[in-house]
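**Q** Fold the following and give me the result.
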Amino acid sequence: MGSGSASHGARAESLGVALAGLPVHLLTGGGRGVMEAVSRGFASVPDRLGRVIAILPAADEGGRPPEGYPNAWIEIPVQTHLSLRGAQGADPMSRNHINVLTSDLVLALPGGAGTLSEVRLALEYGKPVLAYLEDREEIPGLPASVQLASRLEDVVDFVRVGLGRR
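**A** Residues are numbered from 1 along each chain as shown. Below is the predicted model:
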């Protein structure tokens, strides 16, 4: 989970590469920014076990995705009728509920209101959540209860522990 506009390139892409070395699928919102960078990193790893999955928002009542969705790295796009996102990410008509409920755990990278709503939903639904940040302010309003990691190795360890829970 992370920004739909800023990619935080090296951090997000290296996370994708690291996750692809684990027996996991990558689930994102399918857009640009962090979602695209982490997907690109994940998809770049040959012979990986997992796939890049995206839960897509609708741009209109016809269910078509917004411009830029899905990004080029998505292998399994799941189109929804759910149009709300960003500051409205906790609304029942947001795909964020599906993103969080489908995930075994949630990793949050820098982002805004949409990312914050996903983090809050993860807490609400009892999902393990880790913020991969240099500073807590990279997600304004991040709850104090959310664990923070600034090193990729710590994120990978968090995921490995999470895999043991399923």
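**Q** what's the first-to-last distance across stretch 98-114?
**A** 14 Å (CA to CA, to the nearest Å).
**Q** ok now stretch 42-52, how far from the chain's centre?
**A** Chain-centre distance of stretch 42-52: 16 Å, with CA atoms, centre = their mean, to the nearest Å.
**Q** How about stretch 45-61?
**A** The answer for stretch 45-61 is 10 Å, by CA atoms, centre = their mean.
**Q** Chain neighbours aside, what residue packs nearest to residue 13?
**A** Using CB to CB, 6 or more residues apart in numbering and skipping residues adjacent in sequence, the residue nearest residue 13 is residue 41, 3.8 Å away. Any C-beta I mention is one placed from the backbone N, CA and C, and that applies to glycine too.
**Q** Now do the contacts for that neighbour.
**A** If you count contacts by CB atoms under 8 Å, 6 or more residues apart in numbering, residue 41 has them with 12, 13, 14, 15, 16, 17, 18, 19, 20.
**Q** Following element in sequence after the helix or strand hosting the fifth one, please.
**A** When elements are assigned from DSSP states H and E, residue 16 belongs to helix 9-20. As assigned by DSSP H and E, the chain's next helix or strand after helix 9-20 is strand 26-28.
**Q** From the rest of the structure, what touches the longest helix seen in the chain?
**A** In the chain, with assignment by DSSP state H, the single longest helix is helix 152-165. Helix 152-165 has contacts (CB under 8 Å, 6+ apart) with 11, 14-15, 18-19, 22-24, 104-105, 107, 128, 130, 132, 147, 149.
**Q** filter those to the buried ones?
**A** Among the contacts of helix 152-165, those buried by neighbour count (16 or more other CB atoms under 10 Å) are 11, 15, 18, 19, 24, 105, 107, 128, 130, 132, 149.
**Q** Output these as a markdown table; include the columns distance to residue 34.
**A** Output for the buried ones among the contacts of helix 152-165, formatted as a markdown table (distance: CB to CB, whole Å):
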| residue | distance to residue 34 |
| --- | --- |
| 11 | 9 |
| 15 | 9 |
| 18 | 15 |
| 19 | 13 |
| 24 | 17 |
| 105 | 16 |
| 107 | 10 |
| 128 | 19 |
| 130 | 14 |
| 132 | 10 |
| 149 | 15 |
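**Q** how close does residue 72 get to residue 30?
**A** 11 Å (CB to CB, to the nearest Å).
**Q** how about the nearest residue to residue 31, chain neighbours excluded?
**A** Using CB to CB, 6+ apart and skipping residues adjacent in sequence, the residue nearest residue 31 is residue 4, 4.6 Å away.
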